[in-house]
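K.L.:
no sequence on this one, just coordinates:
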Ligand code: SAM
């Protein structure tokens, strides 16, 4: 049964005595065109292992199971885990449902146990909005065996991921996403594609992991500079960077050596410029 319509979802929830839980970000997709767009952006092959975070009632899971080799889902809501048993686990022998919190579960272990040596997994999900940013940061920073993330996020978050230096939406999330991946907005999605309707529009983003970082700087030093620059948004770069415990004169000298005007704001720096500052501050040229 295709679940991508309000009637089917309502009937299913009623049968199990469930209601959508706002606090868990339960806005279920009811638009087949959007679901097909997500699956197509992931470019699934029969050998792919897919991690789906928050499968809900299984609407997207059904489509993933039809294309991928294996689908592992992590769902926090115990009531939905029971539904998923009936909607997807019984119907597809390549779907596994795990009851757990995607923010806490050991993803290294989970993926390592299911991938062939050298293989990388894909994450495909309509993410719960209340934890989108920390979850995406986990997927980026934990050096997981992943090649591609295709996720539905709030429109504003998608814009932040792809925005260039100096724009209003540019921030620490933009830098991290662009450092680890090549981000692209593949689909803009109206709030009318969900049940219940959220208060915001959404977008599907494709994040393809880079083979290597696009700039040359030790990651730890690079992200220390980025965090300091965006942590003190209204300050000039030179003042913001003194929060790293470096003398103002040394920060000044490092910025000049990197060819960057110390009066600039952190939010105007490109990834290359952040890397140049990190290299000069830690004398690694
Ligand atoms: N995939 C379904 C769909 O597209 O219709 C549901 C998506 S809904 C936006 C988000 C799902 O994530 C819900 O099923 C919710 O219960 C689940 N969820 C919320 N927090 C979670 C967490 N920390 N770990 C795993 N799943 C979570």
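P.N.:
Arrived safely. Predicted model only: the values in this text are computed from it and were never measured.
K.L.:
secondary structure element holding residue 250?
P.N.:
If you go by DSSP states H and E, residue 250 is part of helix 248-257.
K.L.:
in that helix, which residues are buried?
P.N.:
251, 252, 254, 255 (16 or more other CB atoms under 10 Å). C-betas here are computed from N, CA, C, even on glycine.
K.L.:
tell me the mean pLDDT for it?
P.N.:
Mean per-residue pLDDT for helix 248-257: 89.
K.L.:
past it, which element shows up next along the chain?
P.N.:
Assigned by DSSP H and E, the successor of helix 248-257 is helix 271-281.
K.L.:
mean confidence for that following helix?
P.N.:
Across helix 271-281, the average pLDDT comes to 93.
K.L.:
going forward, begin numbering at 49 instead of 1
P.N.:
Okay, residue one is now 49; in that scheme the one you just asked about reads as helix 319-329.
K.L.:
tell me how far it is from the chain's mean position?
P.N.:
Taking CA atoms, centre = their mean, to the nearest Å, the mean C-alpha location of helix 319-329 is offset from the chain mean by 25 Å.
K.L.:
again, but for stretch 155-169
P.N.:
Per CA atoms, centre = their mean, the centroid offset for stretch 155-169 relative to its chain is 18 Å.
K.L.:
where do the helices of the stretch 199-333 of the chain begin and end?
P.N.:
203-210, 220-228, 267-279, 285-289, 296-305, 319-329 (DSSP state H, counting those that start in this stretch).
K.L.:
can you check which of those helices gets nearest to the ligand?
P.N.:
helix 203-210 (13.1 Å; CB to the nearest ligand atom).
K.L.:
one step back: which helices and strands does the helix holding residue 298 pack with?
P.N.:
helix 285-289, helix 319-329 (3 or more CB pairs under 8 Å, 6 or more residues apart in numbering; DSSP states H and E).
K.L.:
now do the residue of the chain most remote from its centre against residue 250, distance only.
P.N.:
In the chain, the residue that sits farthest from the middle, by CA atoms, centre = their mean, is residue 297; the gap is 38.0 Å. Between residue 297 and residue 250 the distance is 47 Å, computed by CB to CB, to the nearest Å.
K.L.:
around the ligand, pick out the residues from the stretch 49-198 of the chain.
P.N.:
72-77, 101-104, 107-108, 122-125, 128, 149-151, 174, 176, 179 (CB under 6 Å from any ligand atom).
K.L.:
among those, name the ones in helices.
P.N.:
Counting by DSSP state H, these place 107, 108, 128 in helices.
K.L.:
quick check: the last one touching residue 103?
P.N.:
The one in question is residue 128. Yes - with contact defined as CB atoms under 8 Å, residue 128 reaches residue 103; the gap is 7.5 Å.
K.L.:
what sits up against stretch 315-323?
P.N.:
Contacts with stretch 315-323, where a contact means CB atoms under 8 Å, 6 or more residues apart in numbering, come from 213-214, 218-219, 223, 226-227, 262-265, 270, 273-274, 277-278, 281, 285, 306, 308, 325.
K.L.:
contacting residues around the nearest residue to residue 179 once chain neighbours are set aside?
P.N.:
Among residues not flanking residue 179 along the chain, residue 151 sits closest, at 5.7 Å (CB to CB, 6 or more residues apart in numbering). Shown in contact with residue 151 (CB under 8 Å, 6+ apart): 179, 182, 183, 186.
K.L.:
okay then, goodbye and thanks.
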